[in-house]
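**Student:** My questions are about this predicted structure, shown below with the sequence.
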Number of protein chains: 2
Amino acid sequence: MTQPRPAGQHTVRRHNSALVVGAIADSPGISRAGVAARTGLTKATVSSLVDRAIAANLVVDGEPARREGPGRRGTALSLSPAGPHGLGVEIGVDYIATCLVDLTGSVASRRIRPVDNRSQPANRVLVKVARAIRTAVAELPARVGGVGVAVPGLVDSSSGFLRTAPNLGWRDVDVRAELRDRTDLGDSAIMVGNEANFAALGELWGGGHEDLRDFVHVSGEIGIGAGIVMDGVLFEGVRGFGGEIGHLPVDSKGPRCSCGARGCLEAMAGQDAILRQAGVPDVDTLVLRLEANDRKAISAARSVAKWLGTALSNVVNLLDVPTIVLGGTYARLEPWLHELLLDELNLRVVSAAWSRVQVLRSTLGTEAAVRGAASAAVRAIVADPDPFITASVG
Amino acid sequence: MTQPRPAGQHTVRRHNSALVVGAIADSPGISRAGVAARTGLTKATVSSLVDRAIAANLVVDGEPARREGPGRRGTALSLSPAGPHGLGVEIGVDYIATCLVDLTGSVASRRIRPVDNRSQPANRVLVKVARAIRTAVAELPARVGGVGVAVPGLVDSSSGFLRTAPNLGWRDVDVRAELRDRTDLGDSAIMVGNEANFAALGELWGGGHEDLRDFVHVSGEIGIGAGIVMDGVLFEGVRGFGGEIGHLPVDSKGPRCSCGARGCLEAMAGQDAILRQAGVPDVDTLVLRLEANDRKAISAARSVAKWLGTALSNVVNLLDVPTIVLGGTYARLEPWLHELLLDELNLRVVSAAWSRVQVLRSTLGTEAAVRGAASAAVRAIVADPDPFITASVG
DNA sequence: CAGATAAGTTTAGGCATCGAACTATTAACG
DNA sequence: CGTTAATAGTTCGATGCCTAAACTTATCTG
């Protein structure tokens, strides 16, 4: 729990800076006068704050915008693509991915390195992650303003402490501290979070879906994770546990899962289970078979849709979140899952009678998590730009 | 969604007033110097803010406290029992209850009027509710600073709009506006909320449970509702839908429910279902039979525990909330439900293996909702005292 | 080119906090 | 009983950020 801090003038400026930068982020090309009207601040205040933001390289003012009718034209303000960037890092089971996003949300660069992280202890892997971060930072002709680290495990997001990552075999790793020690990120924020949660955020901010503010993003790679977004905000749960649906029990007669229980969703509808049931070695082959209408593959998809629907209907019933976004491996299988999953949901969801459940396909696929991590870092800058402004202006 | 407002000096004072009053609420008897140390504000600022709070009748300073060692003794500050009160109102199916709570959390008065609200249209009932409010206000030798209204239905808490209350037969009633029109509450805040949610808050603040910050409070009267508290904060869900567990499907072969679906929890474990199954006319008789070890009654309790456990295990699995508090009618049946419910939960909850689920009995019982509503009003004053201070001082 | 309209800047003033000095109260010690 | 040290609380000038209002700059219209 964060201790409440006393407020002073600096708090006011911090708040208003966020307001101004936020307004510019929301509607690029807006003028100082426009920002003033939007935020309720006076033109004088906006001018002063914008000047500081420009000096800090967060904002640039461009050409005067054309306008109708008389009056001076306002200068178009927008977030600076040369300002601080957000760095996203994903520690996958068999790869390390990085991604740089500028303040406007554009991807500046990205990179994936295949690494088998399963066979190695945590600190060995973190050395490689640190190297990947240093490379990304070195290549960027701008400053890195924050880092998001996506991890396939349970994270206490406030401390950055990774409690357990079964598929990596990690337990109790202080990812944030380790990475800070091994890099020269200065005092940049390092946000460590669950890979499924970051993926949901990636889809929220970069998925191109209009008005999508309440949804469950299901990402199935090795494990099954869900990121739940409600009113545009990630739902974290009690101890960062929100959306841990991989081990919801769906079939009491199902096979034993690695967690010890029986018939967990992961054991019934995880990637391994699908592939085994379809009798194929990998997802590429599975997709080919599905396209060829192979009976076993189709039946595997049907089974996955059924179990996913069972588990997700609980989520929908309990949280009243009306949309499911299929991500990760499920995004590739979406055409074959869509209808069956929808049927299952409509059958089991109480509110389905008066408001239909929706199933969408992720547009970012397996890249959602890195993108989300990078975007989260960028959003943090925009949401509280004052530290950057003060550091650069004084 | 609340529009972000620009900050100014007044915002600073408002924030710091809340800090100061909050510190006094958290540790009554604290001195000005103590508040300064706790909040990080200077003694000068604290003095000034405390003086204003005293002038507004929110805070009183008492006798100098005894201290060890040398030095002047600080004056003991505490919230004023004569300051503004919170008024809780509960619109039940067959009663209207009111309750006044002072700033310290003590109940100043309460009253229950039996009324059959089922047979009457909403505006007729609201006239009676308004009368009950006026009576409570008139009897109080202090000011009412806010009102909480608990309603057995789905409420959009930001607008105070009641969407539907099946057990009252109400639809789309603007409870807040209706009550404001029919009373002279001035500009006091009127918070309209779901009865189960307020009950959970009542238990959180007035239940006397130590360190209980994450729990599900299940209240069964006519319907079944749950209030979910996570990290000491009510979980509201997407459209005030959080904790609407009454219509979770628990038995696909169960009887048809009033909502149209089959085997809803409410149809399986609601009060009506229990009484029918036990073959008794009311809860009092049921308790007598249970005490006499009546076979049918025991079997009804067993069945309730099973269905409740089925539904609640979903909640626990999904939200990782480790504690169930049995309220309302269930509180009276707790001795006979406890063990069976716990068994069912331990069977179905994934995390049960490493962290045990806990089942508690509500200490406020059927009074939890009014108490919660009144306390919510009080908490709102303490959380943002500035409007009261400014109004009274200028 | 005059008039109207809007963007952006300058300047004086208000206000809440802070820091530091100051007063008030109390225990301990000789 | 008086002195000293420690702590509580107050007073007062300085600081910083915002606001209001006047002012400058830029653009369109007739």
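**Tutor:** Yep, that arrived.
**Student:** Remind me which helix or strand A:Ala97 belongs to.
**Tutor:** Using DSSP states H and E, A:Ala97 maps to strand A:95-101.
**Student:** That strand packs against which elements?
**Tutor:** Secondary-structure packing of strand A:95-101 (3 or more C-beta pairs under 8 Å, 6 or more residues apart in numbering or on different chains; DSSP states H and E): strand A:85-91, strand A:107-114, helix A:122-139, helix A:368-383. Yep, even glycine has a C-beta here, placed from its N, CA and C like the rest.
**Student:** Please identify which of these is closest to DNA strand C.
**Tutor:** helix A:368-383 (20.1 Å; C-beta to the nearest atom of the strand).
**Student:** tell me the mean pLDDT over that closest one?
**Tutor:** For helix A:368-383, the mean per-residue pLDDT is 98.
**Student:** next one: stretch A:279-293
**Tutor:** pLDDT averaged over stretch A:279-293 gives 96.
**Student:** Give the buried residues for it.
**Tutor:** A:Val280, A:Val283, A:Leu286, A:Val287, A:Arg289, A:Leu290 (16 or more other C-beta atoms under 10 Å in any protein chain shown).
**Student:** Among those residues, which lie within helices?
**Tutor:** A:Val283, A:Leu286, A:Val287, A:Arg289, A:Leu290 (DSSP state H).
**Student:** and the next element down the chain from the longest helix that chain A contains?
**Tutor:** For chain A, the helix with the greatest residue count under DSSP H is helix A:295-319. Sequence order places strand A:323-327 as the next helix or strand after helix A:295-319, per DSSP H and E.
**Student:** Okay, helices next: where are they in chain A?
**Tutor:** Using DSSP H, helices in chain A cover A:9-26, A:32-39, A:43-55, A:122-139, A:175-182, A:195-206, A:265-269, A:271-278, A:283-291, A:295-319, A:328-348, A:368-383, A:386-393.
**Student:** Figure out which of the ones you listed is closest to B:Glu195.
**Tutor:** Counting by C-beta to C-beta, B:Glu195 lies closest to helix A:295-319 out of the helices of chain A; the figure is 18.6 Å.
**Student:** Just confirm yes or no for that closest one near chain B.
**Tutor:** Yes. Shown here: helix A:295-319 in contact with chain B (C-beta under 8 Å from any C-beta of the partner chain) through A:Asn314, A:Val315, A:Asn317, A:Leu318, A:Leu319.
**Student:** got TSV for the buried residues of stretch A:279-293, with distance to DNA strand D too?
**Tutor:** Putting the buried residues of stretch A:279-293 into TSV (distance: C-beta to the nearest atom of the strand, whole Å) gives the following:
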residue	distance to DNA strand D
A:Val280	60
A:Val283	52
A:Leu286	57
A:Val287	55
A:Arg289	61
A:Leu290	58
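**Student:** Turn the residues you listed into CSV, including distance to A:Gln358.
**Tutor:** Listed next are those as CSV, based on distance: C-beta to C-beta, whole Å:
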residue, distance to A:Gln358
A:Val280, 29
A:Val283, 25
A:Leu286, 25
A:Val287, 23
A:Arg289, 28
A:Leu290, 23
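**Student:** count of residues packed around the closest residue to A:Ser219 other than its chain neighbours?
**Tutor:** Counting by C-beta to C-beta, 6 or more residues apart in numbering or on different chains, A:Gly328 is the residue found nearest to A:Ser219 once chain neighbours are left out, at 3.7 Å. Counted with other C-beta atoms under 10 Å in any protein chain shown, the neighbours of A:Gly328 add up to 27.
**Student:** again with the one 3 residues further on
**Tutor:** A:Ala331 has 23 neighbouring residues, counting by other C-beta under 10 Å.
**Student:** Distance check, it against A:Ser362.
**Tutor:** 4 Å (C-beta to C-beta, to the nearest Å).
**Student:** now swap in A:His10 and tell me
**Tutor:** Distance from A:His10 to A:Ser362, by C-beta to C-beta: 41 Å.
**Student:** between these two, which one's more packed in?
**Tutor:** Neighbours per residue (other C-beta under 10 Å) separate A:His10 from A:Ser362, with A:Ser362 holding more: 25 against 11.
**Student:** How many neighbouring residues does the closest residue in space to the more buried one that isn't next to it in sequence have?
**Tutor:** Nearest in space to A:Ser362, with sequence neighbours left out and distances taken as C-beta to C-beta, 6+ apart, is A:Gly327 at 3.7 Å. A:Gly327: 33 surrounding residues under other C-beta under 10 Å.
**Student:** Can you point out the buried residues in stretch A:162-182?
**Tutor:** A:162-163, A:165-168, A:170, A:173-176, A:178-180, A:182.
**Student:** returning to that earlier point: any residues touching the strand holding A:Ala97, and which ones?
**Tutor:** A:85-90, A:107-115, A:117, A:125, A:128-129, A:132-133, A:135-136, A:140, A:144, A:367, A:369-371, A:373-375, A:377-378 (C-beta atoms under 8 Å, 6 or more residues apart in numbering or on different chains).
**Student:** Now a ChimeraX select for only the buried ones of those.
**Tutor:** Provided next is the ChimeraX selection string for whichever of these are buried by 16+ other C-beta under 10 Å:
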select /A:85,86,87,88,89,90,107,108,110,112,115,117,125,128,129,132,133,136,140,144,367,369,370,371,373,374,375,377,378
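**Student:** just for the stretch 101-250 of chain A, where's the confidence low?
**Tutor:** Counting by pLDDT under 70, not a single residue of the stretch 101-250 of chain A qualifies.
**Student:** how near is the closest residue to A:Gly223 other than its chain neighbours to A:Asn194?
**Tutor:** Residue nearest to A:Gly223 in three dimensions, not counting chain neighbours: A:Gly246, with 5.0 Å by C-beta to C-beta, 6+ apart. Separation of A:Gly246 from A:Asn194 (C-beta to C-beta): 11 Å.
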